[in-house]
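Visitor: coords please:
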Amino acid sequence: MLSLNNISITFNEGTLDEKKALQTVNLQLEKGDFVTVIGSNGAGKSTLMNMISGSLKPDVGSVKINEKNVTLLPEYKRSRLIGRVFQDPMAGTAPTMTIEENLAMAYARNKKRTLKYGVSKRRKSLFKEHLATLHLGLENRLNAKVGLLSGGERQALSLLMATFTEPNILLLDEHTAALDPSRADLITKLTGEVVEQFGLTTLMVTHNMQQALDLGNRLIMMDKGQIILEVSGEEKQALTIEKLLAEFQRIRGKQMDNDRAVLG
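Guide: Below is the predicted model:
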């Protein structure tokens with residue numbers, strides 16, 4: 001479903017500010033995989049998401065979705081294949097438009113463009129049906145301006161907009177980080193339900209290690225632009241936060257020993 005092959009990206013190459021954001025990253029996601037991504041600040045997580053979405057191009061390597069090479073495909077064309085929810089609840093929706101109008105835009109994302117305008121009764125019924133799954137009463141507020149919604153409500157709507165057209169790939173970019181704990185728990189619960197309902201192939205970046213352990217069937221850890229750990233299945237289920245931290249320290253220590261050996 002998603003194939004990243006030998007991806008490397010360097011920012012400010014040849015300058016004092018040169019940074020290897022991604023270094024020979026290889027990652028394969030099969031249909032229905034739900035991969036959580038953790039790592040410290042600067043590990044390359046957001047760069048990875050931006051590269052998959054098409055807002056960044058790799059210096060080296062290729063990106064394939066459904067075996068189609070999309071490496072050079074611009075972001076606006078990839079948007080028909082990819083749904084994305086950002087950290088900021090204000091992103092991903094149009095605040096001056098109504099809930100219904102926002103959903104209509106999302107619905108049209110992967111449909112053939114026509115001159116026909118408006119929302120049919122059938123489509124309105126579809127919107128209400130999907131909104132009801134959020135259990136927030138938004139199905140009764142189709143004409144409410146999105147800018148008047150709370151952060152949690154808006155993020156729930158963003159999640160629905162990114163998923164109900166069943167994109168090939170769903171990208172969740174720390175989508176609960178800006179919410180208070182109760183709303184973050186709600187969106188985390190909704191995420192698990194929506195991904196399972198539609199069987200979506202999902203990549204989720206998070207700083208919340210417990211969230212990374214609770215959701216998904218695979219977990220990867222990034223550091224300095226590289227994938228340094230990948231676990232899945234029963235191995236992932238057996239992990240704890242303490243074990244994850246210990247594994248990170250073990251891998252980081254081994255890398256430092258290797259660096260010293262090279263310099264020595």
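Visitor: and the longest helix for the chain?
Guide: helix 241-263 (DSSP state H).
Visitor: That helix: which residues count as buried?
Guide: 244, 248 (16 or more other CB atoms under 10 Å). Placement of C-beta: from N, CA and C, glycine included.
Visitor: Just the C-alpha atoms of that helix, please, in PDB.
Guide: As requested, C-alpha coordinates have been extracted for helix 241-263 and formatted as PDB (Å, rounded to 0.1, in the frame of the first residue of the first chain):
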ATOM      1  CA  ILE A 241       6.900   2.700  28.400                       C
ATOM      2  CA  GLU A 242       9.800   1.600  30.600                       C
ATOM      3  CA  LYS A 243      10.900  -1.000  28.100                       C
ATOM      4  CA  LEU A 244      10.700   1.500  25.300                       C
ATOM      5  CA  LEU A 245      12.800   4.000  27.100                       C
ATOM      6  CA  ALA A 246      15.400   1.300  28.000                       C
ATOM      7  CA  GLU A 247      15.500   0.100  24.400                       C
ATOM      8  CA  PHE A 248      16.100   3.700  23.200                       C
ATOM      9  CA  GLN A 249      18.900   4.200  25.700                       C
ATOM     10  CA  ARG A 250      20.500   0.900  24.600                       C
ATOM     11  CA  ILE A 251      20.300   1.700  20.900                       C
ATOM     12  CA  ARG A 252      21.500   5.300  21.500                       C
ATOM     13  CA  GLY A 253      24.500   4.000  23.600                       C
ATOM     14  CA  LYS A 254      25.400   1.500  20.800                       C
ATOM     15  CA  GLN A 255      25.300   4.300  18.200                       C
ATOM     16  CA  MET A 256      27.600   6.500  20.400                       C
ATOM     17  CA  ASP A 257      30.000   3.600  20.800                       C
ATOM     18  CA  ASN A 258      30.100   3.100  17.000                       C
ATOM     19  CA  ASP A 259      30.700   6.800  16.400                       C
ATOM     20  CA  ARG A 260      33.600   6.800  18.900                       C
ATOM     21  CA  ALA A 261      35.100   3.700  17.200                       C
ATOM     22  CA  VAL A 262      34.900   5.400  13.800                       C
ATOM     23  CA  LEU A 263      36.500   8.600  15.100                       C
END
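Visitor: Now do the helix or strand where residue 4 lies: everything it contacts.
Guide: Secondary structure from DSSP states H and E places residue 4 in strand 2-11. The contact list for strand 2-11, computed with CB atoms under 8 Å, 6 or more residues apart in numbering, reads 17-29, 47, 51-52, 56, 58-65, 67, 168-169, 201, 203, 225.
Visitor: Strands - which of those residues land there?
Guide: Counting by DSSP state E, those place 19-29, 60-65, 169, 203 in strands.
Visitor: which parts of the strand holding residue 4 are buried?
Guide: 2, 3, 4, 5, 7, 9, 10.
Visitor: Equivalent analysis for stretch 177-190, please.
Guide: Those would be 178, 179, 183, 184, 186, 187, 188, 190, for stretch 177-190 by 16+ other CB under 10 Å.
Visitor: Narrow the ones in strands among the contacts of strand 2-11 to just the buried residues.
Guide: Buried members of the ones in strands among the contacts of strand 2-11, counted by 16+ other CB under 10 Å: 20, 21, 22, 23, 25, 27, 29, 61, 63, 65, 169, 203.
Visitor: so how far is residue 62 from the fourth one?
Guide: Going from residue 23 to residue 62 by CB to CB, to the nearest Å gives 16 Å.
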